[in-house]
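Trainee: structure, please.
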Amino acid sequence: MGRFGQLRADQGSGCYIISDTDWAAISRETTEAIKDIPSAFVGAIPDLINARESFTAEIWAFWFMYIAPIVLRGRFADVKYYNHMCDLIDIMKVTLQFEISRAELENLRKRIITWVQHYEELYYQFDVTRLSTCLLVVHGLLHIVDDILYAGPGWATWTFFMERFCGHLKRALRSRAYPWSHLDRRVANIAHLAHLRARYDLEEELDFFIRLLLMVLLIDPLTYLHAPCLSKYQPGQDIRRHVAVYLAGVVGGQVSRIVQALPEIMPAWGKLRIGHGGDSMRAVIAQQERFSGRHERNSSFVRYELLAKASNGYDIREIHYGELQGVLECYLDPEQQPIWGDSSGATLLLTLIRPCKTNGEDAAITVTHYRDVRADIIIDVQAIQAVIGRVKSRKRWGIIDRSNGLARTVFYSGNFVDGDSLTQGDEDENFM
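Mentor: Model prediction:
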């Protein structure tokens, strides 16, 4: 990583240098994590050591806020440096809120001042020979609150979209002799498509996302299901029992009777999108290479919330994380009305989840890890809140949860769900 000249060799009274061996491990963990981070979160991340010049502001921001807390934990000789870094991340997240009050801004101002003071203690150490640690960007932090008051939160003025647009233009450079004409042609082609779409109402014809909505099944107004679909899927006895255990808590009755009343066929869907701008996720059924023909990023891990009873008898929401195995359509036959009660005739969307052992921690607030998973469970599809990413570091998984109310860049590169291919192969009735 950065050398900072003599400061790397002389830490003064501190111990903040991370060894080259650890940086190599951090770079490797970052590279290996890409396959487990949905592409809607961030694009490809270059090599952290050998290709830092290829990092964009968008990539640095994502790496620092979501990956660094996981891969850098335990890598400093003194935890105070790690805590100081996490304090800066918390400050960054406040600046990215969609809405921020004046009271929050005044609190943010105090936090920034405190952070800069600690920075000077840890790195400048009030030694004139270490003045090069007092970077201009550190001083610039002190002006952030005033900038927000004048121009709004960071999302109102950031230029990530322009950075990405320049990347699209760069890919048009195919000639060293006539680079400018290639750029001109690229810009003209983009403009022509935009004009055609607007002039002749070609949204459906030119927009890949809109076309794919024709392949959607909409049962719940907040849930969209996408191919692949196993329309003749017959769940095994273990899954049927999981469904019966869930339904026993909804309609009451004995699990054994509910198992007998369940339909033999429960169509299984592989892709799920939460309505009103929610996340897209791809279950294990759709992760399999035989459906897509190529390896893709893993977007099967999700955040879900369940109601539980607190010690005082009140309902509380528990936060969980797990792997989405598939989404089942469960039709409650009216002929079994004595068992289904008021739910008779309804079609339920149930998800098979393999929970992670995270002990109720909220990864959107604190760094959350897990090593093991629990037995599969069935939950209602509406319990799913968001898709998550994962980073494996030193034999355990860290969770990337962006479900808090922060503004963030989301780019689509021409594919609908995280670069999915909607090529559907022969239906496999034994995906679970």
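
Trainee: ok, how many other residues are close to Asp90?
Mentor: Asp90 has 13 neighbours, counted by other CB atoms under 10 Å. All C-beta spots, glycine's among them, are computed from the backbone N, C-alpha and C.

Trainee: confidence score at it?
Mentor: With respect to pLDDT, Asp90 scores 94.

Trainee: for it, what are its contacts?
Mentor: Arg111 (CB atoms under 8 Å, 6 or more residues apart in numbering).

Trainee: which strand or helix spans it?
Mentor: helix 79-95 (DSSP states H and E).

Trainee: give the buried residues for that helix.
Mentor: Tyr81, Tyr82, His84, Met85, Cys86, Asp87, Leu88, Ile91, Met92, Val94, Thr95 (16 or more other CB atoms under 10 Å).

Trainee: so, low pLDDT: which residues of the stretch 1-150 of the chain?
Mentor: 1-9 (pLDDT under 70).

Trainee: wait, Ala44 touches Thr31, no?
Mentor: No. Assessed by CB atoms under 8 Å, Ala44 is found out of contact with Thr31, at 9.9 Å.

Trainee: the more surrounded of the two?
Mentor: Neighbour totals were compared for Ala44 and Thr31, and Thr31 leads with 15 against 9 (other CB under 10 Å).

Trainee: hmm, the more buried one is touching Ile45, no?
Mentor: Yes. The pair Thr31 and Ile45 passes the contact test of CB under 8 Å, sitting 7.2 Å apart.

Trainee: how many neighbours does the residue nearest to Ser13 when sequence neighbours are not counted have?
Mentor: Spatially, and ignoring its direct neighbours in sequence, Ser13 is nearest to Gln125 (5.8 Å; CB to CB, 6 or more residues apart in numbering). For Gln125, the neighbour count with other CB under 10 Å is 14.

Trainee: picking up where we left off before, from the buried residues of helix 79-95, which is closest to Pro228?
Mentor: Among the buried residues of helix 79-95, Met92 lies closest to Pro228 (CB to CB), at 38.7 Å.

Trainee: show me the contacts for the closest one.
Mentor: Per CB under 8 Å, 6+ apart, neighbours of Met92: Ala61, Phe64, Met65.

Trainee: how about 7 Å then?
Mentor: Residues near Met92 by CB atoms under 7 Å, 6 or more residues apart in numbering: Met65.

Trainee: and it, how far is that from Pro69?
Mentor: 12 Å (CB to CB, to the nearest Å).

Trainee: okay, and the beta partners of the residue nearest to Arg374 when sequence neighbours are not counted?
Mentor: Excluding its sequence neighbours, the residue lying closest to Arg374 (CB to CB, 6+ apart) is Pro355, at 4.4 Å. According to DSSP bridges, the partner residues bridging Pro355 are Gly322.

Trainee: burial measure for Pro355, as a count.
Mentor: 19.

Trainee: now swap in Cys134 and tell me
Mentor: 13.

Trainee: now swap in Phe64 and tell me
Mentor: 15.

Trainee: and it, what does it touch?
Mentor: Ile89.

Trainee: let me know the secondary structure of it.
Mentor: When classified by DSSP: H, G, I helix; E, B strand; the rest coil, Phe64 comes out as helix.

Trainee: from Val71, how far off is it?
Mentor: 11 Å.

Trainee: after the helix holding Asp90 comes which helix or strand?
Mentor: helix 102-119.

Trainee: tell me which residues in that next one are buried?
Mentor: For helix 102-119, by 16+ other CB under 10 Å, it's Leu105, Leu108, Arg109, Arg111, Ile112, Trp115, Val116, Tyr119.

Trainee: for those residues, which one is nearest Arg396?
Mentor: Trp115 (28.5 Å).

Trainee: so the closest one makes contact with Asp87?
Mentor: Yes. Contact criterion CB atoms under 7 Å: Trp115 and Asp87 qualify, at 5.4 Å.

Trainee: from Gly154, how far out is His242?
Mentor: Distance from His242 to Gly154, by CB to CB: 44 Å.

Trainee: how far does stretch 124-139 stretch from start to finish?
Mentor: Terminal residues of stretch 124-139 lie 13 Å apart, using CA to CA, to the nearest Å.

Trainee: oh, and call the first residue 30 from now on, that's how I've got it
Mentor: I'll keep to 30 as the first residue from here, and by that count the last item is stretch 153-168.

Trainee: how far does it sit from its chain's centre?
Mentor: Put simply, stretch 153-168 sits 36 Å off its chain's centre (CA atoms, centre = their mean, to the nearest Å).

Trainee: again with stretch 121-137
Mentor: With CA atoms, centre = their mean, you get 22 Å for stretch 121-137.

Trainee: alpha carbons of that stretch, as CSV, please.
Mentor: Extracted C-alpha coordinates of stretch 121-137, given in CSV (Å, rounded to 0.1, in the frame of the first residue of the first chain):
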residue,chain,number,x,y,z
MET,A,121,-19.1,9.0,6.1
LYS,A,122,-22.3,7.1,6.5
VAL,A,123,-24.0,10.1,8.2
THR,A,124,-23.0,12.3,5.3
LEU,A,125,-24.7,9.9,2.9
GLN,A,126,-28.1,9.9,4.6
PHE,A,127,-30.9,10.8,2.3
GLU,A,128,-32.2,13.3,4.9
ILE,A,129,-30.2,14.9,7.7
SER,A,130,-31.4,17.4,10.2
ARG,A,131,-29.6,20.5,11.6
ALA,A,132,-29.3,18.8,15.0
GLU,A,133,-27.6,15.8,13.3
LEU,A,134,-25.3,18.2,11.5
GLU,A,135,-24.2,19.9,14.7
ASN,A,136,-23.5,16.5,16.3
LEU,A,137,-21.6,15.5,13.1
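
Trainee: any idea how far the residue positioned nearest the centre of the chain is from Gly41?
Mentor: The residue lying closest to the centre of the chain (CA atoms, centre = their mean) is Ile417, at 3.9 Å. Separation of Ile417 from Gly41 (CB to CB): 40 Å.

Trainee: again with Arg311
Mentor: 49 Å.

Trainee: looking at the two, which is more packed in?
Mentor: Neighbours per residue, other CB under 10 Å: of Arg311 and Gly41, the larger number sits with Arg311, 27 against 16.

Trainee: might you report the residue contacts of the nearest residue to the more buried one once chain neighbours are set aside?
Mentor: Closest residue to Arg311 apart from its sequence neighbours, by CB to CB, 6+ apart: Ser328 at 4.8 Å. The contact partners of Ser328, taken as CB under 7 Å, 6+ apart, are Pro67, Met310, Arg311, Val416, Asp447.
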